[in-house]
Every structure is written in structure tokens, then in C-alpha cells.
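> structure for the following, please:
(one chain, ligands or ions: 2)
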Amino acid sequence: MRLPPEVSRILSQLTAAGYSAYAVGGCVRDTLLGRVPHDWDICTSALPEQLQAVFAADRTVTAGLKHGTLTVIRDHIPYEITTYRIDGDYTDHRHPDSVSFVDRIDLDLSRRDFTVNAMACSPDGAVLDLFCGQQDLDKHLIRCVGEPAARFEEDALRVLRALRFASVFDFELEEKTAAAVRAMYPTLSHVAAERIREELVKLLCGPGAGRILRAYPEVITHLLPELAPAVGFDQKNPHHLYTVWEHTVRALEGVPPDPALRLTMLLHDSGKPYTQTTDEKGICHYKGHQQVSAQIAARALDSLRCDKALRDKVVCLVEAHDILLSTDRRLLLRRLNRFGEENLRLLFLIHKADRIATGTRHPGHAEEHCLELQAALDALLAEKPCFTLKDLAVNGRDLTSLGLRGKAVGTALSALLDEVMEGTLPNEREALLEKAKKEYL
Ligand code: ATP
Ligand code: MG
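Ligands and ions are numbered 1, 2, ... in the order given. Here you go, the predicted structure:
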């Protein structure tokens, strides 16, 4: 296996100082998969103080030194270098009670979660693969190192990591690992919300996400209990062929792998089981499910300690997921005003995926409608139209000069903006001032 020059240099520095050292974990796995690793982790027999001595001339981060990690920064790229270690007992399903440094790589590799993550690469490029990780890569399998139930018992997050890696690499879980996931997932309750969120978002954005959500709904609904009623929920509506969960999974598969879009689709119909009504013909309806879904989304994302920007974006998109969209100029301007260009473009994609995922619409029609919306929006934006107060040819100061005061200024401005967007007034200073004088003074 080929190592990047800087990684080779770091390994050589360590071996020249008399220590053994390897590139390890995700970077080895990704390279063997033909992917470009996003970072290179290194492990070594050098103890933390010895590491500091070897890299005394480098810019370093020492925050992880208690756990054996020195981060060396070269050319603005961080390299985490960690002393071989083994974990002590786990009593809380999330952290080892202690870690001890050891001088053998085989011990360090055996504490790692999955065989594909437990390979190392020596300075000369030879892969050290004690648990047949390469074979599992070839067979597209996620398999625990050691006894799956025991490994999940130690650290419950590994349950979710197993599903994450299966989704991201589009792999299957090896049989005993899968059985242990099904038996052990309730222990995920012990894990910090931030760590859950990180793994869950990666899982949702993987190419195998739909397959995993179908195969392990109990794990996902354990993390987000509000989604539990969706599983197996028959919509009893001729426009919907699938249960809420199957529709959700299909809709999620139908949007690009972006965290906001995937979270939006996961949550967009979560309110349906809570809003079902039946008409005289026995057909079911879900009036107001958009708002209930948005409330559920807000609660779910808060429980995952999602950052505010992502949370607000997803809640907005969930609430608007089936809002009326058309190529009508005035309607598009109103939508631009309410959502902004970025979110409006996402709503086009959400609409398309949502429609196709009903199982009753012609995918080609939904696709075509989305392209029409995009083309209409492109054409409209090319005109540099006015759709925010910032674009308006008059501002608050202008209206104050006319004699308007306090709240009346804001009311007049937004009324003028409405008229400009409706096309009943041109966005020209004189015309706007004239109108303001006549109607709002
Ligand atoms: P990514 O591409 O997402 O960074 P990664 O495999 O590098 O994937 P990290 O979370 O960065 O994943 O962890 C680095 C390595 O540390 C893993 O490859 C694995 O060997 C080990 N590891 C990480 N988390 C755990 C865990 N919870 N239990 C056991 N080993 C773990
Ligand atoms: Mg990593």
C-alpha cells in the first residue's frame, strides 16, 4: 500500500528514534477500498513524552496526550499520533474506565471495533491484517473484532457505527454482528447525544441508508421514538402505495446525500400517524401533518443536540415539504421571499422525491416538474427581481423623511414589497414614494 510522503516521513522519524509505528484504522481501510482517506492516523510504541521529544520541532496539539494522542501539524494538515493502548473495563457502555499504554500493535488492533477498521500499514507499505479485514472488505462485510455482543456491551456506540459503516460503504453486517445489533441496540441510551448524531447523520448520507433503515427500523426508532408509529403504518389513501416508513425511506433515498435533505426526508411525514382522520368512504387524510412533523423534527433534532442552523433549516423544510410550488412568477417571488433561494431549491428536490416515493406518481412527471421549476427560477433570478426589503428601491429612512413614524414604517415597507412582487407597482423610487405618500402617510 502506498503512503503519502508526509506520513512516511513521520513513520521514519519514529522508527529512526527506535520505536515501531504504523498508519492505522480508517486511512488503511479507505486506501484499500480505493478511496482517498480524509485523514491519516498513526499508532506507535513511543510513549506520550517520547512522542513529544520526537516531534519537538513541530507545531503540535497536546490536548489528547493523557489518552496517548499527540497531534502533529504539517502544512496545515493534522496527523494524530497515538501510543498503542488497550482499554480497561467498561462499566458505563461508553468509555473504558481506564486506558493503558502497551508496546504491541497487536493488542492495540484487537481493541478496535470492526475488522475493516483494525488494519495497520507499516512504514514499508506492508498491511498488517490480524483479523482478516481485507477479506471482509472484499466480501463487503462489517464484522466485529472478537465477540460482537461483548464488544457492543463495552461501547454501545459501536452498534450505530456498524450500521453507519454498512450504509457508507454499502456493506452488509456479518451474521453474528447483525444479531448482536438487534439484541444490543437499547444500550445506545447510554451514549451521548452528540456522538449518536454524528454517526446517525453519516448513516443517513450513505448510499446504503435506505437498506439499513428498512432492515433496522427498531434501532432508528429507539434513537428517535417519535418515528416509531410510522413503521408499518398503513396510509389507507389511494395516492399512497406504501406505509409511512417505507415512503419515508424511499423519499430519503430520492434526495442527494446532504445532511439537511436526508434529515428532512426522515422526519417529513412523522406527524402523519398523529393526524389521521377517516372520511365516509374509509379513505384516510392527514391534515396538518406538516406542522406536527415540524414540531416532531424540532424535538428530535434538539434531543440530538443538533446545531441551531441545521435544526432551523430542517424544521422549516419539513413544515414546507409539500407547499404549493409552480412556475408562476408571483408565486415564485413569494416563495423566494419566504425561503430564500437556497432553501427553495431544496424544496424543489424534496417535492420531487416526496412525489416519486408515493409509488402512485409517474417518476418522469415529477422529474420534469422539478426541471421546469428550476428553469423558471433561473430565468426569474436572471432578471435580478425584487423579493426582499433589501431589494426594494426605497428604505426606512426614505419613508421617515416622508413623515412616517414607528411601526408604520415597517408596515408600509412590507406592503410596498408585496405590491412590487405582485407586479402592481414598479420597483422604482418615485413610484414607491408616491404610493407611500398616498396610502400610508
Ligand atoms: P472515518 O472515515 O469516519 O473517520 P474511521 O474509521 O477513521 O472512519 P474514526 O471514528 O475516525 O473512524 O476512528 C478511527 C479508528 O479508531 C477506527 O478506524 C477504529 O479502528 C477505531 N475506533 C473508533 N471508534 C471506536 C470505537 N467506538 N470502538 C473501537 N474502536 C474504535
Ligand atoms: Mg477517522
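> ligand 1 contacts on the protein?
Among all residues of the chain, those adjacent to ligand 1 (criterion: C-beta under 6 Å from any ligand atom) are 25, 26, 41, 112, 113, 117, 118, 155, 157, 158. Using the backbone N, CA and C atoms, a C-beta is placed for each residue, glycine as well.
> contacting residues around the fifth one?
The contact partners of residue 113, taken as C-beta atoms under 8 Å, 6 or more residues apart in numbering, are 144, 145, 151, 155, 158, 161, 162.
> now it: phi and psi?
Residue 113 has phi and psi values of phi -80, psi -50 when expressed as degrees, to the nearest 10.
> need the strands for the stretch 151-300 of the chain, in chain order.
172-173, 277-278, 284-285 (DSSP state E, counting those that start in this stretch).
> kindly reformat the ones you listed as a markdown table containing mean neighbour count and mean pLDDT.
Supplementary listing: the strands of the stretch 151-300 of the chain in a markdown table, determined by neighbours: other C-beta atoms under 10 Å; pLDDT from 0 to 100:
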| stretch | mean neighbour count | mean pLDDT |
| --- | --- | --- |
| strand 172-173 | 21 | 98 |
| strand 277-278 | 10 | 96 |
| strand 284-285 | 15 | 96 |
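> using JSON lines, lay out the ones you listed together with distance to residue 323.
Listed next are the strands of the stretch 151-300 of the chain as JSON lines, based on distance: least, C-beta to C-beta, whole Å:
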{"stretch": "strand 172-173", "distance to residue 323": "39"}
{"stretch": "strand 277-278", "distance to residue 323": "21"}
{"stretch": "strand 284-285", "distance to residue 323": "17"}
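> so for residue 233, which of those sits nearest?
Ranking these by distance to residue 233, with C-beta to C-beta as the measure, places strand 284-285 first at 10.0 Å.
> surely residue 99 and residue 84 touch.
No - if you go by C-beta atoms under 8 Å, residue 99 and residue 84 don't touch, sitting 10.5 Å apart.
> okay, those two: which has more neighbours?
Using other C-beta atoms under 10 Å as the criterion, residue 99 and residue 84 rank with residue 84 on top: 26 against 16.
> could I get the pLDDT score of that one?
With respect to pLDDT, residue 84 has a value of 98.
> again, but for residue 253
pLDDT recorded at residue 253 is 98.
> can you tell me the closest non-neighbouring residue to residue 375?
Leaving out its chain neighbours, the residue that sits closest to residue 375 by C-beta to C-beta, 6 or more residues apart in numbering is residue 327, at 8.0 Å.
> now the one you found: how far from ligand 1?
Between residue 327 and ligand 1 the computed distance is 41 Å (C-beta to the nearest ligand atom, to the nearest Å).
> repeat that for residue 235.
Residue 235 sits 36 Å away from ligand 1, taking C-beta to the nearest ligand atom as the criterion.
> could you list the domains of the chain?
Listed domain ranges for the chain are 5-139, 140-223, 227-383, 389-440 (source: automatic domain parsing).
> neighbours of the closest residue to ligand 1 within the chain, how many?
When distances are taken as C-beta to the nearest ligand atom, the chain approaches ligand 1 most closely through residue 26, which lies 2.3 Å from it. With neighbours defined by other C-beta under 10 Å, the count for residue 26 comes to 18.
> same question for the one 4 residues further on.
Other residues within reach of residue 30 by the criterion other C-beta under 10 Å amount to 17.
> give me the element it is part of.
Residue 30 is part of helix 26-32, with elements assigned from DSSP states H and E.
> which parts of stretch 423-435 are buried?
If you call a residue buried by 16 or more other C-beta atoms under 10 Å, then stretch 423-435 has these buried ones: 425, 427, 431, 432, 433, 435.
> just the endpoints, please. Distance across it?
Distance between the boundary residues of stretch 423-435 (C-alpha to C-alpha, to the nearest Å) amounts to 14 Å.
> can you tell me the closest non-neighbouring residue to residue 96?
Residue 96's closest residue in space is residue 87 (C-beta to C-beta, 6+ apart), at 3.6 Å.
> distance of that neighbour from residue 363?
Here the distance between residue 87 and residue 363 works out to 49 Å (C-beta to C-beta, to the nearest Å).
> and what of residue 419?
Computed as C-beta to C-beta, the residue 419 to residue 363 distance reads 40 Å.
> between the two, who's got more neighbours?
A count of neighbours by other C-beta under 10 Å puts residue 419 above the other of residue 419 and residue 363, at 17 against 12.
> return the host helix or strand of the more buried one as CSV; C-alpha atoms alone will do.
In this structure, residue 419 sits in helix 407-422 according to DSSP H and E. Provided in CSV are the C-alpha atoms of helix 407-422 (Å, rounded to 0.1, in the frame of the first residue of the first chain):
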residue,chain,number,x,y,z
LYS,A,407,-44.4,50.7,13.3
ALA,A,408,-46.0,52.4,10.3
VAL,A,409,-42.6,52.5,8.5
GLY,A,410,-42.3,48.7,8.6
THR,A,411,-45.9,48.1,7.7
ALA,A,412,-45.6,50.4,4.7
LEU,A,413,-42.3,48.8,3.5
SER,A,414,-43.7,45.3,3.5
ALA,A,415,-46.9,46.5,1.8
LEU,A,416,-44.8,48.1,-0.9
LEU,A,417,-42.7,45.0,-1.3
ASP,A,418,-45.9,42.9,-1.6
GLU,A,419,-47.1,45.2,-4.4
VAL,A,420,-43.8,45.0,-6.2
MET,A,421,-43.8,41.2,-6.0
GLU,A,422,-47.4,41.1,-7.2
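> if we can go back for a sec, quick one: the residue nearest to residue 375 and residue 378 touch, right?
No - taking C-beta under 8 Å as the contact criterion, residue 327 and residue 378 are not neighbours in contact, 11.1 Å apart.
> can you pull out the low-pLDDT segments for this protein?
Within the chain, no stretch has pLDDT under 70.
> C-terminal to the longest helix along it, what's the next element?
For the chain, the longest helix by residue count, based on DSSP state H, is helix 329-356. Tracing the chain past helix 329-356, the next element assigned as helix or strand by DSSP H and E is helix 363-382.
> now the angle from that following helix to helix 329-356?
Interaxial angle, helix 363-382 versus helix 329-356 (axes from the mean of the first three to the mean of the last three C-alpha atoms, to 10 degrees): 150 degrees.
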